[in-house]
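> have a look at this fold, sequence not included:
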């Protein structure tokens, strides 16, 4: 009898752990919001009393009628927000919004960007998107088409900040029929920037590849890698190089024609020429670190920080990391780093100082919110907060970054040369061109990225890479 | 007395029900759902449209899938020789009277198989690292700088390079299995053989091998099944690159499903992996069956 009781007890315990194990992975609000929210340690430092939403308090102040739960998914983790202005901005805005709207229980689901991309796509496929989330430009058309995301055209027109929006930034989130589906946020800026050591390269980075190659020979002879690059993740060669280099060869119109399916093709001679130039730079010259195809951008930027390399090509996220690291270490390289656009190639005929910039993500709303006007109002209020004037002012005054809302009088007095230089590089001095993978879709880019890695290894021709990309484009877009 | 301890039938079933339900939930349900989804076009959103056998026709002509399949077969071949072969030799060495501290050898041999595959991937990525890796360092020390290279960018070698960590990781696992099989052989047989003048190699080939044949067959099946689903360490080390030079089936399925948001075709690839794995395992058992039959005849 005793044994039987013990058996039942053990079985019950086992079942309980199993059930608990299953429950952990689901995103249903089985656990209390008090448990889920601070687990990610939402800037408790800034809002000590309010980090746990008091779910029972009725709406106050702002006058939101909604008092239930609102789900939010994003990738501004607390680790990421150290030194990264946009992540910090997002987290600060969320904390402020929660404080102002204690009647709404904001349930956050935060993860790293890599995990985020996979999870949000899986949730979209399961028709289970959160109420408010970050939409990547290239998913806009497909998700709008399937009725997953809400048309925000009117919401944007009625926004208190609408007069000050930089309307160019809506591009990736606008469908062919002119409807806009997200409010661009997580201030982005450039995806292709050359960071260089002025003590090695001189005050100005060479503006043509021919000059770079001439100078690089001396640098290599002195035992330093001229330029560090990391394409281990396969996307880097596209986002941080081709997207800019391609624009120099094809011009912007070609890309818009590709996006709008108006006749341009990956196999067009100009684009193939860009691929060929890229192959030449990576295979035939010794400009880059030998292991560029097997290390990630995180590894490659360490080559620059440690002084093994005299320059590094990456995106704005690398700039913020390198800057924070060098500054913390008190390294002289911090004062001696310059920012330059990708050098121009001899046979490229288009704009010579373009850099691919823009906002890769925007705040989007679940289309299902239309069923509950009060909840929708709360979600719109949150979306305004995450992309509006407060956010723009915060990232401008703390990090010298631009937002969707134009901030005209940025006070630079508190910043050092690094921040001011990069602000000017990103928003003032150089025209922007589109970031390729903010448009079209991942099925196309995945094929191109994998083939391009083989091409940069010298085992595939630019023509074959272009042909495969075109085939993927035709069957998936 | 025995009757008293024997539990009632329903108690036995109740206990067995727990793992069975878990197994059905974790294995059969996804398998059936994947089979159903493989007949649909299901891309980046909840809308699915039935498209019959289109996905399967695409799969038949998908060069990347078949390339990945060949890579999996390569892994299987390397691992059968590397894991089971080396494990067998190591077990014979440990069993020899000359070796001291047998327990320590066994424990340390088994050690790598307790490490998560992702960590194994990171460890070996460091071994192969161009600037700071121990492999290039060693080549420098012995004066063979000419052989130093970016190992994981070498498309001809990369499959072998990602297979080596798998071999290293699982040798200990097969060692334990083979060791237990050998320890069940009557020691008198060895003594008699030794008296008859059989040396160590002869004892291994003519006594040990035939007597642990069935255990080795289990090992081979486990090895094939394990390598047909290889994913983690390759994902960490190369993500299938450079290009597709180290792409394996499971990674291709993952890429199509989650990176390209094509869950319908991703399901088709999963079914493809299942079918191909069954064929390879069935085929290998058939071949082994034929070979062993000949010997007995």
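Great, that's in hand. Predicted model, so just to flag it, every value in this text is computed and none were measured.
> could you find the closest non-adjacent residue to the residue in chain A positioned nearest to chain B?
Chain B sits closest to residue A:454 of chain A, with a gap of 2.7 Å, by CB to the nearest CB. Yep, even glycine has a C-beta here, placed from its N, CA and C like the rest. Leaving aside its chain neighbours, residue A:454 sits nearest to residue B:243 (2.7 Å; criterion: CB to CB, 6 or more residues apart in numbering or on different chains).
> quick one: the one you found from residue A:461, how far?
12 Å (CB to CB, to the nearest Å).
> one more: residue A:93?
From residue A:93 to residue A:461 the distance is 48 Å (CB to CB).
> related to what we said a few turns ago, name the residues contacting each of residue B:243 and residue A:461.
residue A:455 (CB atoms under 8 Å, 6 or more residues apart in numbering or on different chains).
> low-confidence stretches in chain B?
For chain B, the stretches with pLDDT under 70 are B:1-4, B:294-297.
> residue in it nearest to chain A?
Closest point on chain B to chain A, by CB to the nearest CB, is residue B:243, at 2.7 Å.
> wait, what's in contact with the residue of chain A closest to chain B?
With CB under 8 Å, 6+ apart, residue A:454 has these contacts: A:460, A:465, B:155, B:241-245.
> now, among those, which is nearest to residue A:379?
For those, the closest approach to residue A:379 (CB to CB) belongs to residue B:241, at 40.2 Å.
> quick one: name the residues of chain B near chain A.
B:11, B:14-15, B:18, B:22, B:42-47, B:129-131, B:150-153, B:155, B:238-245, B:255, B:258-263 (CB under 8 Å from any CB of the partner chain).
> so of the residues you listed, which ones are in helices?
Under the assignment DSSP state H, the residues of chain B next to chain A contribute B:11, B:14-15, B:18, B:22, B:263 to helices.
> so which of the residues you listed is surrounded by the most neighbours?
residue B:263 (26 neighbours; other CB atoms under 10 Å in any protein chain shown).
> surely it meets residue B:43?
Yes. Using CB atoms under 8 Å, residue B:263 is in contact with residue B:43, at 7.3 Å.
> what is the mean pLDDT for stretch A:377-395?
Mean pLDDT, stretch A:377-395: 91.
> and that stretch, which residues are buried?
Within stretch A:377-395, the residues scored as buried using 16 or more other CB atoms under 10 Å in any protein chain shown are A:378-392, A:394-395.
> among the residues you listed, which lie within helices?
A:378-387, A:389-392, A:394-395.
> low-confidence stretches in the stretch 1-150 of chain A?
Those would be A:1-62, if you go by pLDDT under 70 across the stretch 1-150 of chain A.
> that older thread, of the ones in helices among the buried residues of stretch A:377-395, which is the nearest to residue B:289?
Within those, proximity to residue B:289 (CB to CB) peaks at residue A:379, which comes in at 63.7 Å.
> residue A:133 is in contact with that closest one, correct?
No. Using CB under 8 Å, residue A:379 is not in contact with residue A:133, being 10.3 Å away.
> quick one: residues contacting residue A:165.
Counted by CB under 8 Å, 6+ apart, residue A:165 has contacts A:156, A:159, A:404-406.
> residues from the stretch 351-477 of chain A in reach of chain B?
Residues of the stretch 351-477 of chain A lying near chain B (CB under 8 Å from any CB): A:441-443, A:446, A:450-451, A:453-455, A:457, A:459-460, A:476.
> any common contacting residues for residue A:379 and residue A:133?
residue A:366.
> quick one on the thing from earlier: of the contacts of residue A:165, buried ones?
In those, the ones that pass as buried (16+ other CB under 10 Å) are A:156, A:159, A:404-405.
> save the residues you listed as a markdown table, and put in secondary structure too.
Shown next, in a markdown table, are those (DSSP: H, G, I helix; E, B strand; the rest coil):
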| residue | secondary structure |
| --- | --- |
| A:156 | helix |
| A:159 | coil |
| A:404 | coil |
| A:405 | strand |
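> for the residues you listed, give me CSV that also has pLDDT.
Formatted as CSV, those follow (pLDDT from 0 to 100):
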residue, pLDDT
A:156, 92
A:159, 89
A:404, 87
A:405, 86
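> count the residues that sit near residue 105.
As the question left the chain open, I've gone with chain A. 23.
> correction: the question concerned chain B.
17.
> not counting its neighbours along the chain, what's nearest it?
Spatial nearest neighbour of residue B:105, excluding adjacent residues (CB to CB, 6+ apart): residue B:94 at 5.1 Å.
> would you check that that neighbour makes contact with residue B:102?
Yes. Shown here, residue B:94 and residue B:102 form a contact pair, counting by CB under 8 Å, at 5.5 Å.
> the residue nearest to residue B:105 belongs to a helix?
Yes. The assignment for residue B:94 is a helix, going by three-state DSSP.
> quick check: phi and psi on residue A:196?
phi -130, psi 160 (degrees, to the nearest 10).
> so how far is residue A:251 from it?
From residue A:196 to residue A:251 the distance is 27 Å (CB to CB).
> contacts for the host helix or strand of residue A:319?
According to DSSP states H and E, residue A:319 maps onto helix A:316-329. If you take CB under 8 Å, 6+ apart as the criterion, helix A:316-329 is touched by A:82-85, A:188-191, A:193, A:195, A:297, A:301, A:304-305, A:312, A:333-334, A:337, A:339, A:399, A:418-419, A:422, A:426.
> using PyMOL, define a selection of the buried residues within the residues you listed.
PyMOL command restricting the contacts of helix A:316-329 to the buried ones, with burial defined by 16+ other CB under 10 Å:
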select buried, chain A and resi 83+84+85+188+189+190+191+193+195+297+301+304+305+312+333+334+337+339+399+418+419+422+426
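> looking at residue A:196 and residue A:251, which is more packed in?
Legend: neighbour count by other CB under 10 Å for residue A:196 and residue A:251, higher for residue A:196 (27 against 18).
> hang on, the earlier thing: now do the same contact list for the residue nearest to residue B:105.
Residue B:94 neighbours (CB under 8 Å, 6+ apart): B:102, B:105-106, B:109, B:175, B:179.
> let's see which of these end up in strands.
The strands, defined by DSSP state E, take in nothing from the contacts of residue B:94.
> pull the most distant pair out of those.
Across the contacts of residue B:94 (CB to CB), the longest gap, 11.5 Å, separates B:102 and B:175.
> residue B:6 - how many residues pack around it?
With other CB under 10 Å as criterion, residue B:6 counts 10.
> same check on residue A:157?
10.
> equivalent analysis for residue B:48, please.
Other residues near residue B:48 come to 16 when the count uses other CB under 10 Å.
> then residue A:427?
When neighbours are defined as other CB under 10 Å, residue A:427 has 20 of them.
> wait, what's in contact with residue 274?
In the absence of a named chain, chain A is used. Residue A:274 sits in contact with A:242, A:245-246, A:248-250, A:348, where contact means CB under 8 Å, 6+ apart.
> if you could check chain B rather than the one you did, that'd help
Contacts for residue B:274 (CB under 8 Å, 6+ apart) come out as residue B:31.
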